[in-house]
Structures are given as structure tokens and as C-alpha cells.
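**Student:** Below: sequence and its predicted model.
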Amino acid sequence: MAALQTIQKIGPVLDLFTVSRPEWGVSEVAAQINVPRSSAHALLASLVDIGLLQCRSRGRYRIGWRIIELNQTLQGTVDVKSCASPVLQALSDEYGETTHLAILERYRVFYVDKVVGNHIINITGARVGAHLDAHCSAVGKVLLAHCHSDEIERNVTNKPLRRLTAATVTDPAALQAELRTALRNGCAYDNGEAAPEVHCVAAPIRDGMGAVVAAISITAPSSRFLPARNEYRRAVIAAAATVSKSLATSADKPLEPGLDNPTLHVVAG
């Protein structure tokens with residue numbers, strides 16, 4: 001049981017290390033994850049031992065080089081990003097709008113890739129690697145729609161839903177209703193819920209076993225999105241189906257050693 005409790009603390013510890021704050025001390029970590037200083041020190045030391053963290057001078061900790069090695073391993077495997085990249089580009093090229101690829105990570109949206117549109121008035125979005133509350137984005141809602149309602153109650157609506165704009169859905173019952181609609185229609189919408197006047201539609205991407213593993217979306221200002229809403233919906237659903245097919249096909253192919261996967265460069269979507 002003690003080992004399991006330690007493992008459960010690894011995620012929250014690694015979450016502390018961000019671009020804006022890449023370095024932490026033992027006492028700071030202990031305060032943030034609410035454990036004794038001795039426990040925090042033992043946990044940090046264990047992460048140093050396996051290379052996920054490195055200990056700097058004055059007992060300060062940073063992300064370790066093992067993370068880079070793991071990233072190289074990820075880049076060397078066929079994944080949803082490499083399958084989705086050309087589809088994201090084609091979708092953006094066809095409509096001139098920004099497209100996104102996202103996954104659900106601990107019940108929050110994690111943006112994996114994007115292609116910025118080419119309109120003069122455009123939606124650029126957040127950086128790749130950004131997180132966003134799932135309840136206020138199209139990709140988040142379409143991914144949550146494929147989670148069991150008990151999971152959502154336990155991990156999403158167990159705390160107040162954060163309001164980002166006047167349109168953000170903050171009522172748990174209303175959110176559950178939207179998720180049921182998204183499951184029935186095969187897509188979800190963000191109607192200016194993460195950023196004012198920014199609308200999105202998203203559809204789910206499935207792996208070879210039929211499990212939803214990611215979502216793809218198209219984002220536009222409301223002035224362009226609303227007149228083309230149905231067209232964008234059909235295009236996103238078709239794009240998600242294309243990526244799903246590619247993902248299922250690629251999973252059956254042997255990997256070529258040394259082959260580098262393409263990486264592209266996320267917004268509420």
C-alpha cells in the first residue's frame with residue numbers, strides 16, 4: 001500500500017515542473033503536495049535515481065534527461081500525432097481555419113498538435129503542450145463523452161466547473177446533457193466557452209480497437225463559424241474518420257528503424 005501511495009504522488013510532483021517554474025526545492029514540493037518534508041525528499045531522491053529529475057546545487061530539482069530519452073522513444077513509434085498531422089494540415093488548407101489535435105490527460109485536455117489558419121483575422125491558440133479544462137472545449141467535451149458518467153462525477157464535476165466566459169457551461173447536469181448529445185451526434189461544440197467569440201467543433205479519433213484516443217477540431221471566429229457550422233461539422237467528422245483509419249492501419253505495420261516521425265506544431269478547440 002505504501003508503494004502504491006508513492007506511485008500516486010509521482011504525477012503531482014512532475015506536474016509542478018513547468019516552463020514558468022522549472023525548479024523546485026524539497027520544502028516547496030512538500031508544501032505543494034501536502035506531505036512531510038522527509039517524504040518529499042525521499043520521493044524526489046527516487047525520481048533522481050531513475051533519471052526523471054536531476055538534483056542541482058543548493059538542493060534544487062529540475063526535470064532529468066531521462067524525460068528526453070522517453071520522448072525520443074515516443075517519437076520513434078507510430079502514434080496518433082504522426083497519423084493526424086497531414087489531416088490537420090489538409091483540413092486547415094481547405095477552410096483556412098485553425099485545426100487542433102488533443103488528448104485527455106487526467107481528465108483535462110492536453111493539446112498535442114495544431115495548424116494555424118491563414119485568414120487575416122485568425123485564431124492562433126495556445127502552445128502545443130498546453131492544458132485546458134475539458135468542460136469548456138469542443139475536444140474536451142467529445143473526449144469526456146466517451147467516459148463513464150461515474151468517472152466524470154469523480155474526476156470533473158467533483159469540484160466547481162471553472163467559468164472562462166459568460167457562455168461556459170458550469171452546471172454539472174447541463175454538462176452531462178451536452179456529453180450525451182455529443183455521444184449521440186459524434187461531435188461536440190465550443191460556443192465561445194473558452195474564449196469569447198471563438199467557436200469550435202470536434203470529433204473523436206479511434207484506435208484499431210475502436211477506443212477513443214484523441215480528438216480533432218476546427219476553430220474559427222463566430223462570424224465565420226456560425227454560417228459554416230454544418231459544413232465544418234461534416235468536415236471534422238470525416239477528418240477524424242480518416243485519422244482513425246490511418247491509426248488502425250499503421251498499428252499493423254512494422255516500424256522502420258531510425259525513421260523520424262514528422263512533428264508539427266494549440267486554443268480552445
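**Tutor:** Okay, I see it.
**Student:** pLDDT weak spots in the stretch 1-150 of the chain?
**Tutor:** 1-7, 68-78, 125-127 (pLDDT under 70).
**Student:** Can you list the residue ranges for strands in it?
**Tutor:** With DSSP state E, counting those that start in this stretch, the ranges of strands along the stretch 1-150 of the chain come out as 24-25, 53-55, 60-63, 98-105, 108-115, 131-133.
**Student:** May I have the helix or strand that contains Ala241 exported as CSV, CA atoms only?
**Tutor:** Ala241 belongs to helix 229-251 when assigned by DSSP states H and E. Presented in CSV, the C-alpha positions along helix 229-251 are these (Å, rounded to 0.1, in the frame of the first residue of the first chain):
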residue,chain,number,x,y,z
ARG,A,229,-21.3,25.3,-38.8
ASN,A,230,-22.8,22.3,-40.6
GLU,A,231,-20.1,22.2,-43.2
TYR,A,232,-17.3,22.3,-40.5
ARG,A,233,-19.1,19.6,-38.6
ARG,A,234,-19.1,17.2,-41.5
ALA,A,235,-15.5,18.1,-42.4
VAL,A,236,-14.3,17.4,-38.8
ILE,A,237,-16.2,14.1,-38.6
ALA,A,238,-14.7,13.0,-41.9
ALA,A,239,-11.2,14.1,-40.8
ALA,A,240,-11.5,12.1,-37.6
ALA,A,241,-12.5,9.0,-39.5
THR,A,242,-9.5,9.4,-41.8
VAL,A,243,-7.1,9.6,-38.9
SER,A,244,-8.8,6.7,-37.2
LYS,A,245,-8.4,4.6,-40.3
SER,A,246,-4.7,5.6,-40.7
LEU,A,247,-4.1,4.9,-37.0
ALA,A,248,-5.6,1.4,-37.3
THR,A,249,-3.6,0.7,-40.5
SER,A,250,-0.3,2.0,-39.1
ALA,A,251,-0.6,-0.1,-35.9
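**Student:** and that helix, what does it pack onto?
**Tutor:** helix 80-95, strand 198-206, strand 212-221 (3 or more CB pairs under 8 Å, 6 or more residues apart in numbering; DSSP states H and E). For glycine as for every other residue, the C-beta is placed from the backbone atoms N, C-alpha and C.
**Student:** right, so of those, which gets closest to Gln8?
**Tutor:** strand 212-221 (23.5 Å; CB to CB).
**Student:** okay, the helices and strands packed on helix 229-251 in a markdown table with distance to Val142 and mean neighbour count next?
**Tutor:** Output for the helices and strands packed on helix 229-251, formatted as a markdown table (distance: least, CB to CB, whole Å; neighbours: other CB atoms under 10 Å):
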| stretch | distance to Val142 | mean neighbour count |
| --- | --- | --- |
| helix 80-95 | 14 | 20 |
| strand 198-206 | 5 | 27 |
| strand 212-221 | 5 | 27 |
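**Student:** before we move on, back to that, out of the strands of the stretch 1-150 of the chain, the one nearest Glu231 is which?
**Tutor:** That would be, of the strands of the stretch 1-150 of the chain and by CB to CB, strand 98-105, which comes in at 14.3 Å.
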